[in-house]
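K.L.:
sequence unknown, structure follows:
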């Protein structure tokens, strides 16, 4: 399906030493000093007023989270487990990492200087995920896709017992890698206008026609109706088997990965690294553990991509 996905994964997971941190002052932008020699853990800082105000403008009131010693250790371990390329790019591009309580979403990666020639990023996390394991968090997220009213049926994800933060950090760090290397386009065209072939990167070619529009070969009315899609809503849990059967006919490793080309890359790299490098399971089941709905690593992610 997407042969370039295998090449991209090889690049993202194993490549090191190709991105050198630079100090570039973009024209018309303020200077954002960054000590690329500082440790990633040392960049844990309070959230910026810009990020906090964004939530407040939406009627929310997140507050700074005071990290415990155990949580600080989890953060350090998660950074150490990132692929080499992610670590190198974050060293030169990550300005700060923040943790909030009462944050409505799980994480937010924001560009400090969107029009700059050397983009820097802040990543803000909901602190709660530091004390959740990855299976617990992924199951919670997946269940938001389904309406379980009047049914005892449930969908769950078995992905091991590493920290949920480790999974989410890798996902968000992949957005930083993507924003630095432009593995996916950093723009979206107006609705109804397919991305010209000359502007499509190899990763999205023949799979995405717009930022959130999949190629005709992978269109599905059922999948377009899930909550991760614009205008989507929780679907009856009785349709879970049909939904995952439809997903199996696509190159996407998760329902969330089908929401946009940026999330496609981030989910693909994260699931690949967890299963192929860290040796963790990734199985979506319905009801009993034997009721497997999706198990992308069982057939080999690289095989699925070709």
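P.N.:
Great, that's in hand. What you see is a predicted model, and the numbers here were worked out from it, not measured in a lab.
K.L.:
how far does stretch 231-238 sit from its chain's centre?
P.N.:
22 Å (CA atoms, centre = their mean, to the nearest Å).
K.L.:
err, stretch 198-213, not the other one
P.N.:
The chain centroid and the centroid of stretch 198-213 are separated by 18 Å, computed with CA atoms, centre = their mean.
K.L.:
what are the buried residues along that stretch?
P.N.:
For stretch 198-213, the neighbour count (16 or more other CB atoms under 10 Å) marks 200-201, 203-204, 207-213 as buried. Where you see a C-beta, it was placed from the backbone N, CA and C, and this is true even at glycine.
K.L.:
now swap in stretch 99-115 and tell me
P.N.:
99-100, 103, 106-113.
K.L.:
which strand or helix spans residue 95?
P.N.:
Per DSSP states H and E, residue 95 falls inside strand 94-101.
K.L.:
brain fart, residue 226
P.N.:
Applying DSSP H and E as the criterion places residue 226 outside every helix and strand.
K.L.:
shaky segments in the stretch 1-150 of the chain?
P.N.:
For the stretch 1-150 of the chain, residues meeting the criterion pLDDT under 70 lie at 1-31.
K.L.:
quick revisit: heading C-terminal from the strand holding residue 95, find the next helix or strand.
P.N.:
Toward the C-terminal end, the helix or strand that comes next after strand 94-101 (DSSP H and E) is strand 107-111.
K.L.:
which outside residues touch the helix or strand following that next one?
P.N.:
Next helix or strand after strand 107-111 toward the C-terminus (DSSP H and E): strand 121-126. For strand 121-126, the external contacting residues (CB atoms under 8 Å, 6 or more residues apart in numbering) are 47-48, 51, 93-101, 103, 105-112, 165, 168-169, 172-173, 175-176, 179.
K.L.:
got a list of contacts for the helix or strand following strand 121-126?
P.N.:
The helix or strand immediately downstream of strand 121-126 is helix 134-143, counting by DSSP H and E. Helix 134-143 has contacts (CB under 8 Å, 6+ apart) with 106, 129, 154-164, 166-168, 255-256, 274, 280, 284.
K.L.:
only the buried subset of those, as a PyMOL command please.
P.N.:
A single PyMOL command selects the buried members of the contacts of helix 134-143 (16+ other CB under 10 Å):
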select buried, resi 106+129+155+156+157+158+159+160+162+163+164+166+167+168+255+256+274+280+284
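K.L.:
from the contacts of helix 134-143, which land in strands?
P.N.:
Counting by DSSP state E, these place 155-158, 284 in strands.
K.L.:
related to what we said a few turns ago, just the closest of the buried residues of stretch 99-115 to residue 294, please.
P.N.:
Top of the list for closeness to residue 294, among the buried residues of stretch 99-115 and by CB to CB, is residue 106 at 20.8 Å.
K.L.:
pretty sure that closest one contacts residue 129?
P.N.:
Yes. The criterion here is CB atoms under 8 Å, and residue 106 meets it with residue 129 at 6.2 Å.
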